[in-house]
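Asks: what's the 3D shape of this:
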Amino acid sequence: MTTSSTVHGFPRIGDRRELKTATEGYWAGRVPAQELEATARDLRRQTWEFLHDAGIGQVPSNHFSLYDQVLDTCVLVGAVPGRYGRPVDLDTYFAMARGGADTTAMEMTKWFDTNYHYLVPELGPEIEFGLSATPKPLAELAEARELGIATRPVLLGPVTFLLLGKRSDGAPAGFDRLSLLDPLLEVYAELLDELEAAGAEWVQLDEPAFVQDRSAAELDALGRAYDRLGRTTSRPKLLVSTYFDHLGDALGVLAGSPVDGIGLDLARDARRNLELLASVGGIGDRTLVAGVVDGRNVWVNDLERSLSTLATLLGLAGDVVVSTSCSLQHVPIDLDAEQHLDPEVRPWLAFARQKVAEVVTLARGLAEGTGAVAEELEANRRTLAARRRSGRTR
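Replies: Numbers count the residues shown, from 1 in each chain. Predicted structure coming up:
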């Protein structure tokens with residue numbers, strides 16, 4: 001049994017206005033593409049270096065986007081509606097997001113039950129999947145490696161990608177999006193082969209659609225997908241990750257597939273995910289990525305409770321990786337940047353940077369014992385006790 005630490009994703013470090021200004025300048029024709037790309041590269045560098053220096057054992061890549069991850073996946077796998085034409089360059093990318101002089105933008109809708117939005121893939125029998133000539137996950141893997149940082153590329157999982165889509169205008173009534181799964185899997189298998197050749201040890205595939213109620217056909221598609229990808233002869237280790245709730249029947253499907261790791265949200269309805277793990281007898285010698293630090297609220301973690309949860313997992317998996325429950329995009333970046341918070345409330349809060357520190361502390365406590373993090377645990381006890389005693393909480 002070994003332990004490590006990771007996060008699902010991290011907000012762009014630096015002045016958030018920096019990227020917005022560069023992007024809007026590009027749209028208006030005032031900023032050249034090279035300047036926008038240089039700004040994006042610098043923000044990625046800052047994020048990777050922060051996570052690496054903070055002690056995160058598995059730093060993610062390909063979680064940075066100029067617009068949103070689903071749009072990035074559309075471009076990556078060739079699911080680009082015909083009205084945008086070819087080749088797919090930066091102008092095409094933003095036309096899909098914002099529309100153009102002669103084209104309408106793709107539909108936007110909410111990302112599960114968050115306040116974030118994504119662009120809805122338009123799927124029909126006319127789609128001919130094919131890997132992008134310049135795959136973004138490969139480019140970012142190489143970019144981080146130039147900084148001396150090995151990363152774990154994060155991809156939107158193929159089944160969730162299809163389930164998040166809608167029938168294209170040209171598709172016949174009743175068209176089944178999952179009928180596109182097999183050709184889409186061939187593109188994913190090709191990408192995994194290239195990532196393995198480029199030195200990626202792990203690749204994370206996010207399948208959050210399976211924390212929702214799913215039909216037998218959809219669960220079967222999940223099993224087929226990871227049987228196909230898991231049996232690819234040349235691939236990195238595969239981590240299939242979920243968030244925003246418990247995994248339900250899909251946990252048994254993934255536990256029976258040839259993947260190397262499973263990621264679970266253990267902050268939201270953690271008890272149910274723990275019951276599900278026990279019901280399937282654990283996941284054997286696979287890696288379990290345990291999302292015990294809540295990525296969707298601003299409160300400090302109860303470190304002792306999280307360590308207790310982590311301890312129950314040691315007999316249910318080969319390795320345990322301590323993680324956030326989901327991407328930290330859903331919280332502010334840094335508590336230290338807030339200069340005017342109420343001094344009583346401030347100690348109760350943890351933003352993205354502080355949650356990274358909590359992940360690292362928990363990983364160390366799990367690996368080395370509570371004595372190694374005794375000071376952090378005592379400070380956390382005092383903070384939680386003060387919040388419970390305060391007349392301002394209910």
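
Asks: how about the helices in the stretch 1-150 of the chain?
Replies: 16-27, 33-54, 69-77, 90-98, 136-146 (DSSP state H, counting those that start in this stretch).

Asks: Check the ones you listed for me: which has the lowest mean pLDDT.
Replies: Among the helices of the stretch 1-150 of the chain, helix 16-27 has the lowest mean pLDDT, at a mean of 83.

Asks: quick revisit: possible to save the helices of the stretch 1-150 of the chain as TSV with mean neighbour count and distance to Val280?
Replies: Every C-beta, even on glycine, is put in place using the N, C-alpha and C of the backbone. Shown next, in TSV, are the helices of the stretch 1-150 of the chain (neighbours: other Cβ atoms under 10 Å; distance: least, Cβ to Cβ, whole Å):
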stretch	mean neighbour count	distance to Val280
helix 16-27	15	41
helix 33-54	17	31
helix 69-77	24	29
helix 90-98	17	40
helix 136-146	18	30
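
Asks: Of those, which is nearest Val300?
Replies: Closest to Val300 of these is helix 33-54 (Cβ to Cβ; 16.7 Å).

Asks: And the closest one, what does it pack against?
Replies: The contact analysis (3 or more Cβ pairs under 8 Å, 6 or more residues apart in numbering; DSSP states H and E) places helix 33-54 against helix 16-27, strand 59-61, helix 136-146, helix 352-368.

Asks: so how far is the first one off the chain centroid?
Replies: Counting by Cα atoms, centre = their mean, to the nearest Å, helix 16-27 is centred 24 Å from the centre of its parent chain.

Asks: Pull the residues that contact that helix.
Replies: Helix 16-27 is touched from outside by 12, 31-33, 35-36, 39-40, 43, 66, 90, 94, 98, 333, with contacts defined as Cβ atoms under 8 Å, 6 or more residues apart in numbering.

Asks: ok, now stretch 128-138?
Replies: Taking Cβ under 8 Å, 6+ apart as the rule, stretch 128-138 contacts 61-62, 72, 75-79, 87-88, 153-155, 180, 183-184, 186-187, 190-191, 194-195, 198, 203.

Asks: For PyMOL, write the selection for the buried entries among those.
Replies: Buried residues among the contacts of stretch 128-138 (16 or more other Cβ atoms under 10 Å), as a PyMOL selection:
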select buried, resi 61+62+72+75+76+77+78+79+88+153+154+155+180+184+187+190+191+194+195+198+203
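
Asks: Just the ones of the contacts of stretch 128-138 in strands?
Replies: Ser61, Pro153, Val154, Leu155, Val203 (DSSP state E).

Asks: list the contacts for the last one?
Replies: In this case it means Val203. Pro137, Arg152, Pro153, Val154, Leu155, Leu192, Leu195, Arg235, Pro236, Lys237, Leu238, Leu239.

Asks: can you list these in JSON lines and add distance to Val289?
Replies: Formatted as JSON lines, the contacts of Val203 follow (distance: Cβ to Cβ, whole Å):
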{"residue": "Pro137", "distance to Val289": "18"}
{"residue": "Arg152", "distance to Val289": "10"}
{"residue": "Pro153", "distance to Val289": "15"}
{"residue": "Val154", "distance to Val289": "12"}
{"residue": "Leu155", "distance to Val289": "15"}
{"residue": "Leu192", "distance to Val289": "18"}
{"residue": "Leu195", "distance to Val289": "18"}
{"residue": "Arg235", "distance to Val289": "18"}
{"residue": "Pro236", "distance to Val289": "15"}
{"residue": "Lys237", "distance to Val289": "12"}
{"residue": "Leu238", "distance to Val289": "12"}
{"residue": "Leu239", "distance to Val289": "6"}
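
Asks: All set, thanks.
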